[in-house]
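# Following is a predicted model, sequence given first.
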Amino acid sequence: MNRDIWVFAEKLGNSPAPVYYELVCKANEMKQKMPGSKVCGVVIGKDTDDMVRAASIRGVDAIYAMDHDRLDTLDACMLKIAFADMVRQYDPEVVLVGATALGSELAPATAGKLKTGLAAHCVDIEVTEERINCMVPAFGGRVISEIYVPNTRPVMASVRPGIFDAPAEHEADSAAEVICVDNSIMNDAVSPVAMVSFVEDAPTNDIKLEDAEIVVCAGRGVSTQEAFDKLRALADKLDAGIGYTRSFADTGLVPDESNMIGTSGKSVKPKVFLGFGISGAAHHVCGMNKSDLVITVNKDPKAKMFQFSDYGIVGDAAKMVCALLEKVEK
Amino acid sequence: MRIAVCVKSVPDPDYYDQIIIDPVNKTLKRAGIPAVINASDKHAIEAALQLKEKHGGEITVISMGPPAVEQQLREALAMGADEAFLLSDRKVGGADTLATSYALSKVIEKTGPYDLILAGNESADGATSHVPSQIGEWLGMGSLCSALSVDMDGVNFIATKKFENGTAQFCLSSPCVIAVNQRINKVRLTNMMAILKAKKKPLTVLSAADLPDLDEQYIGLSGSPTQNGELHMVESTKSCTMLEGTEEETAAMIYDKIKQFIRE
């Protein structure tokens, strides 16, 4: 029985989704404690040569690739057939999947097919003598539960983007062995789901929240359009990414929840996190508590958010945004 | 059209900050926290109601849990569902997501057939988003998670989903499982009349023995491939220095800290 650690390399545009690099990094850490194991990238798709090349980075010992016309889709019901078959053919010990929109669906679908255990949205994975412990947040991140998979293989785990660190640069490394996996299972594969269309988002100039060195974040204390506009202006001046909590999203001042920070949104770990009017609910804190410097403004001196901050100011969030904007503009 | 909606009764998320771990027996202390219908499941019920209004049909809500979950199912009936089934049996207790999806798929088989199975995309307590696609796997049906829209087109269902770099539209042949994103709709309010009417709607409690060909190796805690180890509280490692002064003064202090930190 091999002890290999597989990392799913999802195709995003023309290269692996950033979470792939984060998981490869984590897998290498796990490998140290799993003698004889290899870190392997998993590529599933159509015309996968470019993806195989892009996924072959330093730290990846092998790439398993399944290539088939039917795999040119975002339908997890089709992709799970390939993924589960690859696992059955090569029997890895661990399978890591980034919890992207696709990964969050493909991981449970594949685990269901393999009837094995999947730990959702791990914030850490520890390899001990006895077992592999996946640290999984529950109750909105209030508690972390150790999840392990005692009797079935592989141990599957999903991890949200931004949880683990990855080096800023990925060294291409063609030394990885490439295994073209037998794809005959796909010849008769049918899915009851068909992807009819895919409309790519228009490109924006906004700084990506997960890449920003500074994040400014709005909580319920920023409750007016005017205050939010000022916050945007402040983010702009600071070259900061802009995020918000669930309670802020519920005010309807943003069209969607794409930049919501927390357990059901994005995880960020910027150098500086500036929170305005955030109460500090567990489900939000879980998405930002790896930030280096945290500064919080809240009018309630008892706000939980202060416990997770380095500096705190008791005051009106909207007014402080204005004051800080003025300062920065000078 | 027959629609099944899977709903979960969860401890009210407004109280999660009060949850603590008992230092002696290492279990969660959550007594006194009221149970509610999981928020995203309410959006699934709303989606079912809208489909029913447009295309006609009947809505069945399905849940699994202790007998007290009847109360949340009554609420679902008050929202407009027509019938409810609760699987309540110690044998299926302690289930992880795979074992839960197996038990629910058996309830769906028993009470169906359905044209569509809806669910919320994730629960507030566990938040795994595993169960819908795993129900699809057990039943051999197509599934889609995090749907932003659902409609019926003849014999198929059309749903959209947002990905990191765009939006895709899918066509799912019926029957299928669709988990809805909370942004799909706005949940309607229930009124007193509806609550009273709900009391007369059929609600059936099932036990494991009622389910056809239930394979015991897949149910309950012993049928769960994942097991729970220790629980940990999320503690902060920071200590907060409070800054005092006028807005202008404190703004200057913050700005200095930011500049200092970014330069390092």
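Yep, that arrived. Treat the numbers as computed from the prediction; the structure is a model and nothing was measured.

# Does chain A have contacts with the least confident helix or strand in chain B by mean pLDDT?
Across the helices and strands of chain B, mean pLDDT, DSSP states H and E gives its lowest value to strand B:28-29, namely a mean of 80. Yes: using CB under 8 Å from any CB of the partner chain, strand B:28-29 comes into contact with chain A via B:L28. In this view, the C-beta of every residue, glycine as well, is placed from N, C-alpha and C.

# can you map out the strands along the stretch 201-330 of chain A?
Remark: strands assigned in the stretch 201-330 of chain A by DSSP state E, counting those that start in this stretch are A:214-218, A:241-244, A:272-276, A:293-298, A:311-314.

# hey, where'd the helices end up in the chain?
Unless you meant another one, I'm taking chain A. In chain A, the helices defined using DSSP state H lie at A:18-32, A:49-55, A:76-90, A:103-114, A:225-237, A:246-249, A:282-285, A:317-329.

# The chain in question should be chain B.
Here chain B has its helices, by DSSP H, at B:39-55, B:70-79, B:97-111, B:131-139, B:192-198, B:247-263.

# so can I have CSV of these showing mean pLDDT, mean neighbour count and distance to A:E329?
Rendered in CSV, the data for those read as follows (pLDDT from 0 to 100; neighbours: other CB atoms under 10 Å in any protein chain shown; distance: least, CB to CB, whole Å):
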stretch, mean pLDDT, mean neighbour count, distance to A:E329
helix B:39-55, 97, 21, 40
helix B:70-79, 97, 22, 50
helix B:97-111, 97, 24, 50
helix B:131-139, 98, 27, 48
helix B:192-198, 94, 13, 54
helix B:247-263, 89, 16, 11
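
# Looking at these, spot the one closest to B:L231.
helix B:97-111 (17.8 Å; CB to CB).

# elements contacting the closest one?
helix A:103-114, strand B:2-6, strand B:58-64, strand B:83-87, helix B:131-139 (3 or more CB pairs under 8 Å, 6 or more residues apart in numbering or on different chains; DSSP states H and E).

# Any chance of JSON lines for the strands of the stretch 201-330 of chain A, columns mean pLDDT, distance to chain B and mean neighbour count?
Listed next are these as JSON lines, based on pLDDT from 0 to 100; distance: least, CB to the nearest CB, whole Å; neighbours: other CB atoms under 10 Å in any protein chain shown:
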{"stretch": "strand A:214-218", "mean pLDDT": "95", "distance to chain B": "7", "mean neighbour count": "28"}
{"stretch": "strand A:241-244", "mean pLDDT": "94", "distance to chain B": "14", "mean neighbour count": "26"}
{"stretch": "strand A:272-276", "mean pLDDT": "96", "distance to chain B": "5", "mean neighbour count": "29"}
{"stretch": "strand A:293-298", "mean pLDDT": "95", "distance to chain B": "5", "mean neighbour count": "26"}
{"stretch": "strand A:311-314", "mean pLDDT": "95", "distance to chain B": "5", "mean neighbour count": "21"}
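
# okay if I get those as JSON lines plus distance to A:T110?
As requested, the strands of the stretch 201-330 of chain A are exported to JSON lines (distance: least, CB to CB, whole Å):
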{"stretch": "strand A:214-218", "distance to A:T110": "33"}
{"stretch": "strand A:241-244", "distance to A:T110": "31"}
{"stretch": "strand A:272-276", "distance to A:T110": "35"}
{"stretch": "strand A:293-298", "distance to A:T110": "37"}
{"stretch": "strand A:311-314", "distance to A:T110": "44"}
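
# circling back to that earlier point, need the contact partners of the least confident helix or strand of chain B.
Applying CB atoms under 8 Å, 6 or more residues apart in numbering or on different chains, the contact partners of strand B:28-29 are A:F139, A:V143, B:I19, B:I20, B:I21, B:D22, B:L231.

# who touches the second one in this structure?
When you say that, I think you mean A:V143. Taking CB under 8 Å, 6+ apart, one finds A:P137, B:I19, B:I21, B:L28, B:L231, B:H232, B:M233, B:V234 in contact with A:V143.

# who's in contact with the nearest residue to B:S105 once chain neighbours are set aside?
Once flanking residues are discounted, B:S105 sits nearest to B:W138: 3.8 Å by CB to CB, 6 or more residues apart in numbering or on different chains. Going by CB under 8 Å, 6+ apart, B:W138 touches A:G112, B:S101, B:Y102, B:S105.

# Just the CA trace of stretch A:287-297, in PDB.
This file holds the C-alpha atoms of stretch A:287-297, laid out as PDB (Å, rounded to 0.1, in the frame of the first residue of the first chain):
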ATOM      1  CA  GLY A 287     -11.700  33.800   7.700                       C
ATOM      2  CA  MET A 288      -9.200  36.500   8.800                       C
ATOM      3  CA  ASN A 289      -7.500  35.300  12.000                       C
ATOM      4  CA  LYS A 290      -4.300  34.500  10.200                       C
ATOM      5  CA  SER A 291      -3.700  38.200   9.300                       C
ATOM      6  CA  ASP A 292      -0.500  39.700  10.700                       C
ATOM      7  CA  LEU A 293      -1.600  43.100  12.000                       C
ATOM      8  CA  VAL A 294      -5.300  43.600  12.900                       C
ATOM      9  CA  ILE A 295      -6.700  47.000  13.600                       C
ATOM     10  CA  THR A 296     -10.400  47.300  14.700                       C
ATOM     11  CA  VAL A 297     -12.800  50.200  15.000                       C
END
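
# distance of the closest residue to A:I207 other than its chain neighbours from A:D211?
Among residues not flanking A:I207 along the chain, A:G241 sits closest, at 4.9 Å (CB to CB, 6+ apart). In this view, A:G241 and A:D211 are 7 Å apart by CB to CB, to the nearest Å.

# Give me the helices and strands touching the longest strand anywhere in chain B, please.
Counting residues, the longest strand found in chain B (DSSP state E) is strand B:142-153. Other helices and strands packing on strand B:142-153, by 3+ CB pairs under 8 Å, 6+ apart, are helix A:76-90, helix A:103-114, strand A:193-200, helix B:39-55, helix B:131-139, strand B:156-163, strand B:166-173, strand B:176-180.
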